[in-house]
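Trainee: one predicted model, sequence on top.
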Amino acid sequence: MRPAHTALLVIGALFAQTPDAVQYLDVAVEAGIKDVVYCGNERTKNYIVETLGSGVAFIDYDNDGNLDLFVVNGSRLEGFPKGEEPTNHLYRNEGHGTFKDVTRESGLTRTGWGQGVCAGDIDNDGFTDLFVTYWGHDVLYRNTGKGSFEDVTAAAGMSRNSVRWGTGCAFTDYNRDGKLDLFVSNYVQFDRQNTPTPGMPNACKWKDQPVMCGPRGLKGGVNRLWRNDSAAGRVKFTDVSEASGITAPGERYSLSVTTLDYDHDGWPDLYVAVDSQASILYHNNGDGTFTDTGVEAGVAYSEDGREQAGMGTSAGDYDGDGRLDLAKTNFIDDTPNLYRNNGDGSFTEMTGSAGLGAVTRFLGWGAAFIDYDNDTRPDLFLVNGHVYPNVKDAGFNQRRLLFRNRDGRRFENVSLTSGGGVSAEHSGRGLAAGDCDNDGDVDLAIMNMNDRPSLLRNEGGNRNRFLNVRLVGTKSNRSAIGARVKAAVGGRTLVDEVRSGSTFMSQSDLRLHFGLGQGQLVDRLDIEWPSGAKETLTGVKANAFITVVEGKGISREKNRR
């Protein structure tokens, strides 16, 4: 008779999971990204402001073709000794797998309770600018083109005396005048003096345990829209929040925002994840106004009509029908949402049938559709982490989740077989996607609370082919935010848009990445520019980084390193 322990080994081998061909490895330390991102106390969270964390951004701020990394930092309520206050960090990509901290020389050494970040060229000078949200006062940074940024918040007319809690943000040319406007989500009107803490008699509770209060019971924030009225070298923004209808939903606990033209009418719309209330889908009416169509479109609530604690959002065509679908992360004991675009202005929730209904033990934040294995089908990556470090059995540090798109209908959870960068446990928040080593596959940057960020290098995704597309607007905004690209390859059609913001209070690469499988050519590349112009390229070679200038075709082509 076979010994019992041998039989157990055999059974274990039968159920052991084989490592995936594509692995994500956390290379942050060896790359030189070592600075801690702070957000409140590590062991207890007495106030909700200590729970959100912050965002990260992949941007090429110096136009050298390499993605640099900007990390938003927070603070602690008790403060820091003078001279030791944490700042945001800008890491310049040196091009050899390493990054150099250039925060001081770049002029980005601001301290405070940072939250989100978005990027775009606000003055069409060819250099990417930044907007950073805060619990306090948001900041607009203009890229000087000389390796530094200048704070133009006051000069642009965006200063104010009142404190707001800005969270997600996105640049978008909502009126299609060729200049990038700005949407800002606002979360809670936080009043520390009148908010109970876990040690007080009237403390809030979660599963019968005392916890910090919020967002329920606190006053919600009101979202803002800033119109870009810059002219003659002067940066100027005008608050058009009320006139545009952006304030119409009223006080909401708004977090991340994703830009997308969901009804493909040529006008950019906005999807906002809202915590503990109905999420918002701002439909662009094409006349300078927006209408919240979230309820009738089917993306405001869960499939069974419940309000959810929406955190992060992402848009992508996961089923290959040429229409942009939506994903949203939520609180623990709930599932993420996967909304399929029906093409008639409505969405159908596909969470359960797509295989995403079993992950209820995770509290989700950053979300991104990425084709991590370049097989032509967008996969889904989620960042997780709890908000209550002192609650028993809550699992404050949580692993990330990676779902491989199997056939455009179902996703397979490959989180435990896709490398230590996925299975590692942190209390993560912000997420940015982009090919930071220019090797043809999608890498990831993640903000970890009271820890250094993670930089996940994709190993093996470039075994399949790819096409990386950078768009430069001429009549359209220079960043080409809002442009839609359709790539036909091997009988499949791949669709994406250039967007600012998204995931969770973060900024991904403005370049578009298309996995091509084993296709050697993109048969047809159709570009719909924000200006309304259309352009078609044919026979574009795979495994290349191309730059397309509006009206001029490919201006630059570079093969993979």
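Mentor: Nice, I can see it. Numbering: from 1, shown residues only.

Trainee: residue 545 against residue 509, yeah?
Mentor: No - with contacts counted by C-beta atoms under 8 Å, residue 545 stays clear of residue 509, the gap being 11.3 Å. Where you see a C-beta, it was placed from the backbone N, CA and C, and this is true even at glycine.

Trainee: just the buried residues of stretch 311-325, please?
Mentor: 311-320, 323-325 (16 or more other C-beta atoms under 10 Å).

Trainee: what's the farthest-apart pair in the residues you listed?
Mentor: Taking C-beta to C-beta as the measure, the buried residues of stretch 311-325 span a maximum distance of 26.7 Å, between 311 and 320.

Trainee: just to revisit the earlier point, the buried residues of stretch 311-325 in strands, which ones?
Mentor: Of those, the ones assigned to strands by DSSP state E are 313, 314, 315, 316, 325.

Trainee: could I get those residues in JSON lines, plus columns for pLDDT and distance to residue 50?
Mentor: As requested, those are exported to JSON lines (pLDDT from 0 to 100; distance: C-beta to C-beta, whole Å):
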{"residue": "313", "pLDDT": "98", "distance to residue 50": "23"}
{"residue": "314", "pLDDT": "98", "distance to residue 50": "26"}
{"residue": "315", "pLDDT": "98", "distance to residue 50": "30"}
{"residue": "316", "pLDDT": "98", "distance to residue 50": "32"}
{"residue": "325", "pLDDT": "98", "distance to residue 50": "33"}
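
Trainee: looking at the residues you listed, which is nearest residue 368?
Mentor: Using C-beta to C-beta, residue 314 is the member of these that lies nearest residue 368, at 5.0 Å.

Trainee: check the gap between the closest one and residue 24 for me.
Mentor: Distance, residue 314 to residue 24, using C-beta to C-beta, to the nearest Å: 17 Å.

Trainee: surely residue 247 touches residue 254?
Mentor: No - at 11.3 Å, residue 247 does not count as touching residue 254 under the criterion of C-beta under 8 Å.

Trainee: between these two, which one's more packed in?
Mentor: More crowded of residue 247 and residue 254, by other C-beta atoms under 10 Å: residue 254, with 28 against 16.

Trainee: which SS class is the closest residue to the more buried one other than its chain neighbours?
Mentor: The spatially closest residue to residue 254, leaving aside those adjacent along the chain, is residue 185, at 3.8 Å (C-beta to C-beta, 6 or more residues apart in numbering). Assigned by DSSP: H, G, I helix; E, B strand; the rest coil, the conformation of residue 185 is strand.

Trainee: what sits against the residue nearest the centre of the chain?
Mentor: Taking C-alpha atoms, centre = their mean, the centroid of the chain lies closest to residue 503, which sits 2.2 Å from it. By C-beta atoms under 8 Å, 6 or more residues apart in numbering, residue 503 lies in contact with 55, 256, 312, 313, 314, 366, 367, 368, 430, 431, 432, 433.

Trainee: need the pLDDT of it.
Mentor: pLDDT, residue 503: 97.

Trainee: residue 454 and residue 443 touch, don't they?
Mentor: No - Residue 454 lies out of contact with residue 443 (C-beta under 8 Å); the separation is 10.6 Å.

Trainee: residue 406: neighbouring residues, count only.
Mentor: Applying other C-beta under 10 Å, we find 14 residues neighbouring residue 406.

Trainee: now the strands for the stretch 301-450 of the chain?
Mentor: Counting by DSSP state E, counting those that start in this stretch, the stretch 301-450 of the chain has strands at residues 313-316, 325-328, 337-341, 347-349, 364-370, 379-384, 398-399, 401-405, 411-413, 425-426, 428-434, 443-448.

Trainee: got TSV for those strands, with distance to residue 142 too?
Mentor: As requested, the strands of the stretch 301-450 of the chain are arranged in TSV below (distance: least, C-beta to C-beta, whole Å):
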stretch	distance to residue 142
strand 313-316	27
strand 325-328	32
strand 337-341	36
strand 347-349	37
strand 364-370	27
strand 379-384	30
strand 398-399	38
strand 401-405	37
strand 411-413	41
strand 425-426	33
strand 428-434	21
strand 443-448	23
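
Trainee: for residue 304, find the nearest of the ones you listed.
Mentor: Of all the strands of the stretch 301-450 of the chain, it is strand 347-349 that lies closest to residue 304, at 9.2 Å by C-beta to C-beta.

Trainee: packing partners of the closest one?
Mentor: Contacts defined by 3 or more C-beta pairs under 8 Å, 6 or more residues apart in numbering; DSSP states H and E place strand 347-349 against strand 337-341.

Trainee: the strand it packs on versus strand 401-405: what angle between them?
Mentor: Angle of strand 337-341 versus strand 401-405, following axes from the mean of the first three to the mean of the last three C-alpha atoms, to 10 degrees, is 30 degrees.

Trainee: ok and strand 337-341 relative to strand 379-384, angle-wise?
Mentor: Strand 337-341 and strand 379-384 are oriented at 150 degrees to each other (the same axes, to 10 degrees).

Trainee: who's in contact with strand 337-341?
Mentor: Identification of contacts with strand 337-341 by C-beta under 8 Å, 6+ apart yields 262, 298-299, 302, 308, 317-319, 321, 323-328, 330, 347-351, 354, 356, 380.

Trainee: of these, buried ones?
Mentor: By 16+ other C-beta under 10 Å, the contacts of strand 337-341 give 262, 298-299, 308, 317-319, 323-328, 330, 347, 349-351, 354, 356, 380 as buried.

Trainee: what ranges do the helices span in the stretch 351-500 of the chain?
Mentor: Secondary structure of the stretch 351-500 of the chain by DSSP state H, counting those that start in this stretch: the helices cover 420-423.
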